[in-house]
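A.B. asks: structure for the following, please:
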Amino acid sequence: MLGWEILKIGERKLKIKRMSSEEEELIKKIESVYGEKTKIKSIMNNEEAEESIKQIMSAECEKEGLTLDYDQERYMLENAVKHIFGFGPLEELMDNDEIEEISIIGIGKPIYIFERNRGWMRTNVAFNDEEFFKEFVNKIIKKIGRTITLKKPRVNGVMPNGSRVHATAPPISQCELTIRKFRMNPYTPKELVSKSAISLYGMAFLSLIMQSDSNVIISGNTASGKTTTMNSLFTFIPKNERVLLIEETPEINILHEHQIRLVTNENMKISLSDLVHDSLRMRPDRTVIGEVRKPDEIEAMVDIMLSGQARGSYCTMHGRSFDETVQRLKSLGCSESETKSVDLILVQKRRLVYDRKKRKNREIREIVEIGSPRYAEYFKANENEIKSSDTVLEIADKLGFSKKEMFEEIKTREKIISKSDNDFIDYFENVQKSLYGFEKDDRL
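C.D. replies: A predicted model of the protein is given here:
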C-alpha cells in the first residue's frame with residue numbers, strides 16, 4: 001500500500017516497525033492531506049514536516065474515531081514523517097555512516113547495502129510498487145531538475161547531501177537504484193595511511209607532487225577510492241589558490257575558499273568537454289576534471305595539460321595498472337607524445353584479501369603504483385622504490401630542491417602528516433600552517 005514493505009528475511013534488520021494494513025491506510029490518508037497542504041505552503045525542514053504531519057494525523061484520527069496508544073502514536077508519526085518527507089525505509093540507511101552503498105535491485109526484492117568492513121548484505125525491506133519507486137527516485141533528485149519517466153527511464157544525479165544516484169526503470173530494468181553515499185568529512189591523508197592505503201613515506205612524497213606544478217591522473221577500478229584519494233590529497237594544495245572543479249556529478253569535496261564548480265547538464269547538452277574548453281578562459285591555479293571516459297573528454301583533458309594554463313591539472317579514470325591506464329589513454333585518442341603531458345599516474349586498487357583463520361573475505365583499497373609516462377617508469381609507493389626513481393628527481397627539480405633536500409623534506413612531512421588531527425578541517429588547517437604559514441580560518 002505504501003510502496004514498500006518489511007520482510008522476514010535479511011541479514012541487516014532495520015529498526016522501522018512493521019505496520020498493519022489499517023495503519024498503512026492511515027498514513028496514505030495523511031500523505032494525501034499533506035500533499036494538498038504543501039501546494040499552498042512549502043515545508044522546508046524535518047521539524048516543520050513533523051509538526052504538520054502530527055497535526056494532520058491527530059485530525060484524521062479524530063475524524064475516523066481512532067485512538068492510538070502512546071507507543072503506536074510514536075512509531076506511526078515516525079514512519080509517516082520518513083515516508084512522506086524523508087527517505088522512507090532508506091532513512092535509517094542514509095543516516096548510518098558505516099554504509100557506503102544502497103542498492104534496490106527490483107520490485108519485491110530485498111534492498112542491499114554495502115557496509116564498511118562487512119561487505120554486501122540484504123536488508124529486511126523491499127519496494128513493492130513500481131510507481132512508488134519512480135516517485136521516490138524523482139523526490140530524491142528533484143533539486144537538480146532531473147526526472148525518471150517512461151520516455152526517460154534512466155537518470156544519474158546527486159542528492160542534496162552529495163550522495164551519487166543512478167536509477168533505471170522499465171523497460172531498461174526491473175526498477176534499479178544505486179546510491180553511493182557521500183562522506184561529509186573526507187578522509188585525511190593520515191587516515192589513508194592508517195588504513196594501509198599507502199605508506200607514510202609514500203603520502204609525504206605525494207604531498208610534494210601535489211605542491212609542484214604537476215599534472216596527475218588517479219586511476220583504478222570501480223569503487224577503489226579514486227575520488228576519496230583526490231579529496232584527501234587536496235589538503236596539500238595551498239589554500240590561497242584558485243581551484244576550478246569540472247564534474248558530471250559533484251563529488252570533489254575540498255575546503256579551498258576560492259573554488260569554482262562547473263557541472264555538466266544533460267538536458268541542456270552541456271558536456272564535460274564543453275566545460276573543460278571553457279576553463280581555458282578562467283585562469284585557474286588548479287583544474288580538477290572529475291572523471292574522463294570518452295575520447296572528447298580525453299582530448300579536452302590533454303588540451304588543458306598541454307596549455308599550461310594551470311599549475312596542475314587532475315582527473316580520475318578507470319585503469320587497473322600503470323600500463324593499462326597509458327594504453328587506455330591511447331585507445332581513447334591520446335598520442336604517444338600527448339601522454340607525456342601527464343606527469344604522474346597514481347594507480348589505486350580495490351581487492352579482496354582472504355582471512356584463512358576467520359574464513360572471510362576482507363576488502364582493501366590501496367595505492368599500488370606511481371608511474372611517469374615521461375620516464376616510462378612505475379614503482380611502488382614505498383621508500384626504497386621512490387628513492388630510486390627518476391620521478392623523485394623531477395619533482396625535486398620542480399620545487400628547487402637538491403636530491404638531499406628532497407629526501408629531508410619527505411622526512412619532515414612524514415612528521416607533519418602523522419601528527420596532525422584526524423578531523424578533516426583541523427587537519428587541513430594544521431597542514432596549511434605547517435607547510436605554507438597560513439593562519440587558521442574561523443569561517444571553516
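
A.B. asks: ok, for residue 30, nearest residue in space, not its chain neighbours?
C.D. replies: For residue 30, ignoring the flanking residues on the chain, the nearest one in space by Cβ to Cβ, 6 or more residues apart in numbering is residue 56 at 5.0 Å. Every residue, glycine included, has its C-beta placed from N, CA and C.

A.B. asks: I should have written residue 23 there, sorry.
C.D. replies: Leaving aside its sequence neighbours, residue 23 sits nearest to residue 76 (Cβ to Cβ, 6+ apart; 6.1 Å).

A.B. asks: and the pLDDT for residue 443?
C.D. replies: pLDDT for residue 443: 61.

A.B. asks: sorry, back to before: pull the contacting residues for the residue nearest to residue 23.
C.D. replies: 19, 23, 26-27, 57, 68 (Cβ atoms under 8 Å, 6 or more residues apart in numbering).

A.B. asks: can you show me the CA trace of the helix or strand containing it as PDB?
C.D. replies: Secondary-structure assignment from DSSP states H and E places residue 76 in helix 70-84. Taking Å, rounded to 0.1, in the frame of the first residue of the first chain, the C-alpha atoms of helix 70-84 are listed here in PDB:
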ATOM      1  CA  TYR A  70       1.500   6.200  23.200                       C
ATOM      2  CA  ASP A  71       3.800   3.700  21.500                       C
ATOM      3  CA  GLN A  72       1.500   3.400  18.500                       C
ATOM      4  CA  GLU A  73       1.300   7.200  18.000                       C
ATOM      5  CA  ARG A  74       5.100   7.500  18.300                       C
ATOM      6  CA  TYR A  75       6.000   4.900  15.700                       C
ATOM      7  CA  MET A  76       3.200   5.900  13.400                       C
ATOM      8  CA  LEU A  77       4.400   9.500  13.500                       C
ATOM      9  CA  GLU A  78       8.000   8.400  12.900                       C
ATOM     10  CA  ASN A  79       7.100   6.200  10.000                       C
ATOM     11  CA  ALA A  80       4.800   8.800   8.500                       C
ATOM     12  CA  VAL A  81       7.500  11.500   8.600                       C
ATOM     13  CA  LYS A  82      10.000   9.100   7.000                       C
ATOM     14  CA  HIS A  83       7.600   8.000   4.300                       C
ATOM     15  CA  ILE A  84       6.100  11.400   3.400                       C
END
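
A.B. asks: pLDDT of it, averaged?
C.D. replies: 92.

A.B. asks: please apply the same query to stretch 87-95.
C.D. replies: For stretch 87-95, mean pLDDT is 91.

A.B. asks: measure residue 61 to residue 37 for me?
C.D. replies: Applying Cβ to Cβ, to the nearest Å, the value for residue 61 to residue 37 is 17 Å.

A.B. asks: for the residue nearest to residue 30, grab the count of nearby residues.
C.D. replies: Residue 56 has 20 neighbours, counted by other Cβ atoms under 10 Å.

A.B. asks: okay, angle between the strand or helix carrying it and helix 70-84 too, please.
C.D. replies: With secondary structure defined by DSSP H and E, residue 56 is part of helix 46-64. Helix 46-64 and helix 70-84 meet at an angle of 120 degrees, taking axes from the mean of the first three to the mean of the last three Cα atoms, to 10 degrees as the criterion.

A.B. asks: in the stretch 251-400 of the chain, which spans are strands?
C.D. replies: 259-263, 286-291, 312-318, 344-355, 360-372, 377-379 (DSSP state E, counting those that start in this stretch).

A.B. asks: can you list the ones you listed in JSON lines and add distance to residue 126, mean neighbour count and mean pLDDT?
C.D. replies: Converted to JSON lines, those look like this (distance: least, Cβ to Cβ, whole Å; neighbours: other Cβ atoms under 10 Å; pLDDT from 0 to 100):
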{"stretch": "strand 259-263", "distance to residue 126": "33", "mean neighbour count": "15", "mean pLDDT": "94"}
{"stretch": "strand 286-291", "distance to residue 126": "32", "mean neighbour count": "24", "mean pLDDT": "92"}
{"stretch": "strand 312-318", "distance to residue 126": "32", "mean neighbour count": "24", "mean pLDDT": "95"}
{"stretch": "strand 344-355", "distance to residue 126": "28", "mean neighbour count": "18", "mean pLDDT": "89"}
{"stretch": "strand 360-372", "distance to residue 126": "25", "mean neighbour count": "18", "mean pLDDT": "88"}
{"stretch": "strand 377-379", "distance to residue 126": "46", "mean neighbour count": "19", "mean pLDDT": "94"}
